[in-house]
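In: sequence and predicted structure are below.
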Amino acid sequence: MKIKNPCGHRVVVKLKKIEEVSKTGIILSQGNNLKREKYGVEEAIVVKLGRTAFKAFDDGEAWCEVGDLVAITKYSGKDYEDGEEIYRIINDDDIMAVLES
(Lines give C-alpha, C1' and ligand atoms only; values in the text may rest on other atoms or scores of the structure.)
Protein backbone atom coordinates (compact mmCIF):
# COMPACT_ATOMS: atom_id res chain seq x y z
CA MET A 1 0.00 0.00 0.00
CA LYS A 2 1.33 3.42 -0.96
CA ILE A 3 -0.60 5.35 1.71
CA LYS A 4 1.87 6.01 4.52
CA ASN A 5 -0.54 7.72 6.94
CA PRO A 6 -3.92 9.38 6.53
CA CYS A 7 -3.87 13.05 7.50
CA GLY A 8 -5.57 14.38 10.60
CA HIS A 9 -8.87 12.79 11.52
CA ARG A 10 -9.08 10.50 8.52
CA VAL A 11 -9.23 6.71 8.48
CA VAL A 12 -8.21 4.33 5.66
CA VAL A 13 -10.48 1.32 5.21
CA LYS A 14 -10.63 -1.56 2.77
CA LEU A 15 -14.14 -2.45 1.63
CA LYS A 16 -15.15 -5.98 2.48
CA LYS A 17 -16.13 -8.04 -0.53
CA ILE A 18 -19.47 -9.68 0.06
CA GLU A 19 -20.25 -12.55 -2.26
CA GLU A 20 -23.56 -14.30 -2.48
CA VAL A 21 -23.38 -17.81 -3.84
CA SER A 22 -26.29 -19.70 -5.35
CA LYS A 23 -27.08 -23.29 -4.38
CA THR A 24 -25.14 -24.44 -7.44
CA GLY A 25 -22.04 -22.38 -6.55
CA ILE A 26 -22.53 -19.42 -8.90
CA ILE A 27 -21.38 -16.09 -7.45
CA LEU A 28 -24.20 -13.53 -7.55
CA SER A 29 -22.62 -10.08 -7.47
CA GLN A 30 -25.81 -8.19 -8.30
CA GLY A 31 -27.27 -9.10 -4.91
CA ASN A 32 -24.43 -7.24 -3.20
CA ASN A 33 -25.15 -4.07 -5.09
CA LEU A 34 -28.87 -4.30 -4.32
CA LYS A 35 -28.21 -4.75 -0.58
CA ARG A 36 -25.76 -1.86 -0.48
CA GLU A 37 -28.17 0.39 -2.37
CA LYS A 38 -31.07 -0.56 -0.12
CA TYR A 39 -29.34 0.04 3.22
CA GLY A 40 -26.71 2.65 2.28
CA VAL A 41 -24.15 0.92 4.49
CA GLU A 42 -20.93 -0.88 3.61
CA GLU A 43 -18.69 -3.13 5.65
CA ALA A 44 -14.98 -2.34 5.71
CA ILE A 45 -11.81 -3.30 7.55
CA VAL A 46 -9.83 -0.51 9.22
CA VAL A 47 -6.33 -0.34 7.71
CA LYS A 48 -4.82 2.87 9.12
CA LEU A 49 -5.84 5.66 11.49
CA GLY A 50 -4.86 9.31 11.18
CA ARG A 51 -2.86 10.88 14.01
CA THR A 52 -5.81 12.90 15.34
CA ALA A 53 -8.59 10.43 14.51
CA PHE A 54 -11.27 10.35 17.24
CA LYS A 55 -9.50 13.06 19.31
CA ALA A 56 -12.47 15.47 19.08
CA PHE A 57 -15.00 12.98 20.49
CA ASP A 58 -15.87 11.98 24.04
CA ASP A 59 -12.64 11.31 25.90
CA GLY A 60 -10.54 11.13 22.71
CA GLU A 61 -10.27 7.36 22.87
CA ALA A 62 -10.69 5.63 19.51
CA TRP A 63 -13.80 3.46 19.27
CA CYS A 64 -12.14 1.22 16.69
CA GLU A 65 -8.63 0.10 15.86
CA VAL A 66 -6.67 -1.28 12.92
CA GLY A 67 -8.11 -4.65 11.88
CA ASP A 68 -11.65 -3.99 13.12
CA LEU A 69 -14.64 -4.70 10.89
CA VAL A 70 -16.79 -1.54 10.76
CA ALA A 71 -19.98 -0.26 9.15
CA ILE A 72 -19.51 2.95 7.15
CA THR A 73 -21.89 5.13 5.18
CA LYS A 74 -21.99 4.16 1.52
CA TYR A 75 -21.05 7.48 -0.04
CA SER A 76 -18.50 8.61 2.52
CA GLY A 77 -14.92 9.50 1.66
CA LYS A 78 -12.93 9.01 -1.50
CA ASP A 79 -11.68 5.82 -3.11
CA TYR A 80 -7.96 5.26 -3.65
CA GLU A 81 -6.80 2.52 -6.00
CA ASP A 82 -3.48 0.79 -5.32
CA GLY A 83 -2.91 -1.91 -7.89
CA GLU A 84 -5.85 -4.29 -7.67
CA GLU A 85 -6.89 -3.15 -4.19
CA ILE A 86 -9.31 -0.30 -3.60
CA TYR A 87 -9.15 1.60 -0.33
CA ARG A 88 -11.42 4.35 0.90
CA ILE A 89 -10.23 7.36 2.89
CA ILE A 90 -13.03 8.50 5.20
CA ASN A 91 -13.52 10.88 8.11
CA ASP A 92 -13.47 9.28 11.56
CA ASP A 93 -17.11 10.18 12.17
CA ASP A 94 -18.23 8.23 9.07
CA ILE A 95 -17.74 5.02 11.04
CA MET A 96 -21.20 4.09 12.31
CA ALA A 97 -20.47 0.88 14.22
CA VAL A 98 -17.83 -1.73 15.01
CA LEU A 99 -19.09 -5.14 13.87
CA GLU A 100 -18.38 -8.66 15.02
CA SER A 101 -16.02 -10.48 12.66
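Out: That came through fine.

In: what residue is smack in the middle of the protein?
Out: residue 44 (3.0 Å; Cα atoms, centre = their mean).

In: residues in contact with that one?
Out: Counting by Cβ atoms under 8 Å, 6 or more residues apart in numbering, residue 44 touches 13, 14, 15, 16, 69, 70, 71, 72, 88. For every residue, glycine as well, the C-beta is placed using N, CA and C.

In: which of those are buried? Put it as a PyMOL command.
Out: Filtering those down to the buried ones (16 or more other Cβ atoms under 10 Å) takes a single PyMOL command:
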select buried, resi 13+14+15+69+70+72+88
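
In: pick the one among the contacts of residue 44 closest to residue 98.
Out: Of all the contacts of residue 44, residue 98 sits closest to residue 70, with 5.5 Å by Cβ to Cβ.

In: how near is the closest one to residue 79?
Out: From residue 70 over to residue 79 the distance is 16 Å, taken as Cβ to Cβ, to the nearest Å.

In: for residue 8, same thing?
Out: For residue 8, the distance to residue 79 - Cβ to Cβ - is 19 Å.

In: okay, these two: which has more neighbours?
Out: Using other Cβ atoms under 10 Å, the more surrounded residue of residue 8 and residue 79 is residue 8, with 12 against 9.

In: low pLDDT regions in the chain?
Out: Counting by pLDDT under 70, the chain contains low-confidence residues at 1, 18-22, 27-39, 58, 60.

In: hmm, 90 instead?
Out: Low-confidence segments of the chain (pLDDT under 90): 1-8, 15-42, 51-64, 73-75, 81-86, 93, 100-101.

In: in it, which spans are helices?
Out: Counting by DSSP state H, the segments of the chain that form helices are 29-39.
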